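Colleague: 3D model of this:
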Amino acid sequence: MKNILGKAVLLASALLFSITGTSCSNDDNATPEMEKTYDMSGFAKGADVSWLTEMEASGVKFYNQNGKATECMSLLRDLGMNSIRLRVWVNPDGGWNGKDDVVAKAWRAQQLGMRLMIDFHYSDTWADPSKQGVPAAWKNYSFDEMKQAVANHTKDVLSALKERNIDVEWVQVGNETTDGMLWNDADGDDALKVTGRASKNMANFAAYINAGYDAVKGVYPNAKVIVHLDKGNNLGQYTWMFDGLKQNGAKWDVIGMSLYPDWITDQTWEQVSDACLNNIKTLSEKYGCDVIISEIGMVWNSENAAPFLKKMVDGCKQISTCEGVFYWEPECSNNWNGYDKGAFDNTGKPTAALDAFK
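Modeller: Residues are numbered from 1 along each chain as shown. Here you go, the predicted structure:
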């Protein structure tokens with residue numbers, strides 16, 4: 001069922017944001033350009049653009065279909081997107097995805113009327129199903145110290161956003177935590193007492209989730225907390241995790257999914273999509289919560305990219321308990337950082353895959 005309080009906040013913030021253009025003609029009688037409006041309410045059509053500031057610092061430009069250089073978030077808004085997702089690392093090299101970088105990007109999104117999802121990795125670098133590294137500064141923490149660190153870090157970043165009057169609608173407590181987070185896999189009883197690897201200590205993972213959950217609510221009471229796994233087509237993976245979390249008293253508001261058909265070799269993209277859409281309905285009913293596609297993507301020049309995105313966005317819109325779809329780093333072009341699943345071509349223009357968000 002829907003999160004009633006969260007929906008009330010969403011309806012209260014369903015405003016039209018607009019910008020007014022002016023004519024470039026020298027004709028005094030020229031008709032001004034029509035005001036452009038953006039409806040930012042309802043189903044979330046989003047993008048994770050966490051690489052944006054780093055790309056800009058490297059000189060990367062983004063272009064609309066007419067070849068005009070355009071600020072990336074504004075371009076995505078013109079393409080129909082209404083939400084932005086940003087990852088957070090604890091003490092990252094270079095500062096990218098650290099607190100200050102996240103606040104800067106979030107402020108830009110807010111000025112455009114974009115809604116915001118904050119994605120805590122609880123690591124100094126990438127956290128995903130294959131790695132959930134403990135931040136260097138937390139390495140020797142006890143279980144209680146680790147819980148406090150999760151709470152403090154969550155509160156610190158969110159408080160910095162709130163001080164800038166930035167609204168936050170969703171917060172992920174962990175990123176693709178398919179086997180938990182904050183792993184400490186050394187041998188011995190002490191390591192097992194601390195590790196948040198779910199298959200070794202589900203109770204610890206639930207406790208870390210709750211530490212983050214409570215910290216989120218302490219800063220943004222109406223923000224919806226997401227627990228996020230990969231492979232949205234794999235129902236058993238989700239029921240194993242959320243049954244275990246439920247049995248250990250974990251709290252969450254929304255289930256988050258990733259879906260990348262290119263990485264699923266035993267099914268077609270159509271089969272992957274159908275399974276994911278069915279799983280959204282099943283999980284919503286089983287756990288009494290909404291679901292959101294936190295990450296989605298396909299190789300940028302695949303002939304299947306546009307039909308895949310259209311199938312998923314249209315399908316999710318038809319499910320009342322699905323809150324939205326977020327493309328992961330669509331602004332990537334020319335295999336930025338080795339990533340080939342962006343939705344911009346090698347000239348820096350958006351591809352047809354993003355038509356699904358219009």
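
Colleague: and the top helix by length along the chain, what's buried?
Modeller: Counting by DSSP state H, the longest helix found in the chain is helix 143-163. With burial defined by 16 or more other C-beta atoms under 10 Å, the residues of helix 143-163 counted as buried are 143, 146-147, 149-151, 153-155, 157-158, 160-161. Bear in mind the C-beta positions are built from the backbone N, C-alpha and C, glycine included.

Colleague: kindly report the same for stretch 208-219.
Modeller: With burial defined by 16+ other C-beta under 10 Å, the residues of stretch 208-219 counted as buried are Tyr208, Ile209, Asn210, Ala211, Gly212, Tyr213, Asp214, Ala215, Val216, Val219.

Colleague: repeat for stretch 107-122
Modeller: Those would be 108-110, 112-122, for stretch 107-122 by 16+ other C-beta under 10 Å.

Colleague: off-centre distance for it?
Modeller: In terms of C-alpha atoms, centre = their mean, to the nearest Å, the centre of stretch 107-122 is found 9 Å from the chain centre.

Colleague: what about that stretch, start to end distance?
Modeller: 22 Å (C-alpha to C-alpha, to the nearest Å).

Colleague: just the mean pLDDT for it, thanks.
Modeller: Averaging the model's pLDDT scores along stretch 107-122 yields 98.

Colleague: which intervals of the chain have sub-threshold pLDDT?
Modeller: Residue ranges of the chain with pLDDT under 70: 1-34, 186-189.

Colleague: the helices in it, which residues?
Modeller: Under DSSP H, the chain gives helices at 4-12, 52-57, 72-78, 99-111, 143-163, 189-194, 202-219, 235-247, 269-287, 305-317.

Colleague: and the fourth one, what other elements does it pack with?
Modeller: Helix 99-111 sits against helix 52-57, strand 83-88, strand 115-120, helix 143-163, with contacts defined as 3 or more C-beta pairs under 8 Å, 6 or more residues apart in numbering; DSSP states H and E.

Colleague: repeat that for 10 Å
Modeller: If you count contacts as 3 or more C-beta pairs under 10 Å, 6 or more residues apart in numbering; DSSP states H and E, helix 99-111 packs onto helix 52-57, helix 72-78, strand 83-88, strand 115-120, helix 143-163.

Colleague: could you dump the fourth one to CSV, C-alpha only?
Modeller: Extracted as CSV, the C-alpha positions of strand 115-120 are listed here (Å, rounded to 0.1, in the frame of the first residue of the first chain):
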residue,chain,number,x,y,z
ARG,A,115,12.8,16.1,-6.7
LEU,A,116,15.7,14.4,-4.9
MET,A,117,16.9,11.0,-3.9
ILE,A,118,20.0,10.6,-1.7
ASP,A,119,21.9,7.3,-1.9
PHE,A,120,24.2,6.5,1.0
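
Colleague: give the pairing partners of it; include direction for each.
Modeller: Strand 115-120 sits in its sheet next to strand 83-88 (parallel), strand 170-173 (parallel), going by DSSP bridges.

Colleague: tell me which of those strands sits most buried.
Modeller: Of all the strands paired with strand 115-120, strand 170-173 carries the top mean neighbour count, a mean of 28, counting by mean count of other C-beta atoms under 10 Å.

Colleague: just to revisit the earlier point, redo the strands paired with strand 115-120 as TSV? Include distance to Arg77.
Modeller: Shown next, in TSV, are the strands paired with strand 115-120 (distance: least, C-beta to C-beta, whole Å):
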stretch	distance to Arg77
strand 83-88	9
strand 170-173	18
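
Colleague: tell me which of the ones you listed sits nearest to Met298.
Modeller: Checking the strands paired with strand 115-120 against Met298 by C-beta to C-beta gives strand 83-88 as the closest, at 17.5 Å.

Colleague: using CSV, write down the CA coordinates of that closest one.
Modeller: The C-alpha trace of strand 83-88 is given here as CSV (Å, rounded to 0.1, in the frame of the first residue of the first chain):
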residue,chain,number,x,y,z
SER,A,83,13.9,13.8,-10.2
ILE,A,84,17.6,13.5,-9.5
ARG,A,85,19.5,10.8,-7.6
LEU,A,86,22.9,11.4,-5.9
ARG,A,87,25.2,8.9,-4.3
VAL,A,88,27.2,9.7,-1.1
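
Colleague: chain center to that strand: distance?
Modeller: 5 Å.
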